[in-house]
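[1] I need the structure of the sequence given here:
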Amino acid sequence: MRAGHSVNGRSIMRIFFANLAQAEALSKRVASVIRAPIRKARDAAAALAGYDSWKHLADVTDSGDELPSLPDEVCSTEVVQSRVLYQVARLARFLGIDEDEAAQAVTRIRPTTAYFLRLNATKSLADQLFPQGWTGTAAAEEEGERYLAVVGGDIQRDTLAELSFGKEEGAAILDPATGIRVLAAYTGKPTDGVSPGDPYAIAVLRLVPIVQEQIITHLELRLVTFMCDGEMSEPDLVFVGSAIRSYLNQPTIHWQCDTGPCGAAEGITLTLHGTTSTDEERALIEMLDMALIEAEEGWHQVTDCAVISTQRLEQLPLATFINEMQDFSDDDDEQSSSLVQFAQGAQAFNEVCDAMQQAPARLGSYLEAKGKSDYADFARAHDVSTGEGVRRFLEFVQAIEHAGALGVEVAVFIQNHFITTGEDGGDTEFLLGEMSDSPEDPEKVMAAVNERIAERAAALACCDMVRRYRETPSGRLAEILDAGEVAFLGKSEDR
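    Alright, predicted model coming up:
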């Protein structure tokens, strides 16, 4: 990607700092890595960030004309990889060294990570884009009644407190940075104002925006749970689906927004995730699927013809909608299973461990076979012989999964292997033995073991896996792991 590439007119190669102190911190890191005096290190840091000199960087930063760049941790894989290639070329040219040596230096400096480009600590991206307080209304078909949808308030607090002690995610669900929103739906008389009686339905959603610099390109929407009071009518379901759609259509996801991250001019991609396990959840997802498909069609209609700006703002800017919801029916055998029970004996386990020692090379070949050769060399460059090497490799796996270059099954299998085996390769056998020997309730033991595995995932910064270990039913997770193993390593009899 060339240095002049831009999104919505904004360069994604030059790095903009919130203040000069951030750039000073970067220059000190550069000085330490390249072993140069601070004056030379400042110019080298400026070169890395896409400027002609330190003075040029200081002038642009002091002007405050540009929004600060976002750190690699919240950017797409394409942006991160493009940044690295650009930074390597710039540093090699500035220092007069070959690109291999420059690549090693950039790997140690990591100039565009959150250490140097700090996010606003008081507000997550989800909080910047989607308000924690919101109200929407609609006329009901029955005479004298209407529908009311509310995000936030006492319902949000009480629901999250209840879930925090339930099966979903533990106390972590209360963290506002998780992007959790609770939408409560009511019916009532117009005279009830905005405080009717008890809600008839509550939908708990997680919102995860994905950005390239300040441009929102994707939105991950996950259904955490859906609860309702008795049987819901079709109008009730239609309203809940349309309320979610309306809530998503915040001004901040349109490209006209200029107060922070904004949507791409061509629209965003929305992916719906989650697992349905009740008839109510299935009915809601069916209705929400219809609402979002309609929104996608509506957006393409307004972009294909000349309409005024207000008409565009009324339309959810949904360029692509992807429904990846999974259905799960409770089964005693599945519920009594645990992830660690799916090892197929010591021999099979050892074969997998031996094969996964070459995971980076295998992943490179796998990506090439899937037409994703742009990522193959980056995969092969990783070394999983050390704990730090494993951590960076798993960061890469998560990044290319988020970018759509690697399927969920393979990404989950790779991460699960390194999380559950550890560096010594013996932890899984230990956990299996612990489960089989324990006199306690098997379900309690399995819950405790899975929680320990989730903690290991958190230690390796595998955030998606933490959620999967805590949320995904064991039977469904086993299916994903089996499919990922076959896709990545082939069938056991063929190895």
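
[2] Domain-wise, how is the chain divided?
    6-109, 125-327, 332-494 (automatic domain parsing).

[3] Switch those domains over to a markdown table; also include mean pLDDT, mean neighbour count and distance to Phe116.
    C-beta: built from backbone N, CA, C; applies to glycine. Supplementary listing: the domains of the chain in a markdown table, determined by pLDDT from 0 to 100; neighbours: other CB atoms under 10 Å; distance: least, CB to CB, whole Å:
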| stretch | mean pLDDT | mean neighbour count | distance to Phe116 |
| --- | --- | --- | --- |
| domain 6-109 | 84 | 18 | 5 |
| domain 125-327 | 74 | 17 | 15 |
| domain 332-494 | 74 | 17 | 17 |
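
[4] Out of these, which gets nearest to Leu117?
    Leu117 lies closest to domain 6-109 among those, at 4.1 Å (CB to CB).

[5] residue boundaries of the strands in the stretch 201-350 of the chain?
    For the stretch 201-350 of the chain, the strands defined by DSSP state E, counting those that start in this stretch occupy 201-212, 215-228, 262-263, 268-276, 318-323, 326-327.

[6] Longest helix in this structure, please.
    helix 279-303 (DSSP state H).

[7] got the contact list for that helix?
    The contact list for helix 279-303, computed with CB atoms under 8 Å, 6 or more residues apart in numbering, reads 203, 223, 225-228, 232, 237-238, 240-242, 244-245, 266-267, 270, 272, 274, 276, 311-312, 315-321, 323, 325, 327.

[8] Show me what Val208 bridges to in the sheet.
    Glu220 (DSSP bridges).

[9] in terms of contact, does it touch Gly179 like I think?
    Yes - counting by CB atoms under 8 Å, Gly179 is a contact partner of Val208 at 5.7 Å.

[10] Show me the common contact partners of these two, please.
    Ala126.

[11] that older thread, any chance of the domains of the chain in TSV, plus distance to Leu117?
    As requested, those are exported to TSV (distance: least, CB to CB, whole Å):
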stretch	distance to Leu117
domain 6-109	4
domain 125-327	11
domain 332-494	16
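
[12] chain center to stretch 352-362: distance?
    26 Å (CA atoms, centre = their mean, to the nearest Å).

[13] can you give me the end-to-end distance of it?
    With CA to CA, to the nearest Å as the measure, stretch 352-362 spans 12 Å from end to end.

[14] Give me the contacts around it.
    So stretch 352-362 is contacted by 379-384, 393, 414, 417-418, 421, 425, 485, 488-489, 495 (CB under 8 Å, 6+ apart).

[15] for those, which one is nearest Arg42?
    For the contacts of stretch 352-362, the nearest to Arg42 is Ala381 (28.9 Å; CB to CB).

[16] so what's that closest one closest to, chain neighbours aside?
    Pro360 (7.3 Å; CB to CB, 6 or more residues apart in numbering).

[17] Kindly report the same for Ala23.
    Per CB to CB, 6+ apart, closest to Ala23 is Phe17, 4.9 Å.

[18] does that neighbour really touch Pro111, like I thought?
    No - the criterion here is CB under 8 Å, and Phe17 misses it with Pro111 at 10.7 Å.

[19] follow-up on the earlier one: centre of the chain versus the host helix or strand of the residue nearest to Ala381, how much separation?
    Element membership of Pro360 [criterion: DSSP states H and E] is helix 359-369. Helix 359-369 sits 23 Å away from the centroid of its parent chain (CA atoms, centre = their mean).

[20] doesn't Ile268 make contact with Thr217?
    Yes - contact status for Thr217 versus Ile268: in contact at 6.2 Å, counting by CB under 8 Å.

[21] any idea how far Phe418 lies from Val84?
    23 Å (CB to CB, to the nearest Å).

[22] nope, Ile480 is what I meant
    Taken as CB to CB, the span from Ile480 to Val84 is 30 Å.

[23] Same question for Ile322.
    Ile322 is 28 Å from Val84, by CB to CB.

[24] likewise Val30?
    Distance, Val30 to Val84, by CB to CB: 15 Å.

[25] Ok, Pro473 next?
    Pro473 is 38 Å from Val84, by CB to CB.

[26] What of Leu205?
    34 Å.

[27] Thr107 now?
    In terms of CB to CB, Thr107 sits 8 Å off from Val84.

[28] Over to Val60?
    22 Å.

[29] go on, Ile216?
    With CB to CB as the criterion, Ile216 and Val84 are 22 Å apart.

[30] Same check on Leu477?
    Distance from Leu477 to Val84, by CB to CB: 33 Å.

[31] Could you do Ala265 as well?
    From Ala265 over to Val84 (counting by CB to CB), the distance is 26 Å.

[32] Could you list which residues are in contact with the residue lying closest to Thr278 once chain neighbours are set aside?
    Residue nearest to Thr278 in three dimensions, not counting chain neighbours: Phe226, with 7.5 Å by CB to CB, 6+ apart. Contacts here follow CB under 8 Å, 6+ apart; on that basis Phe226 touches Ala201, Ile202, Ala203, Val204, Thr278, Glu280, Glu281, Leu284.
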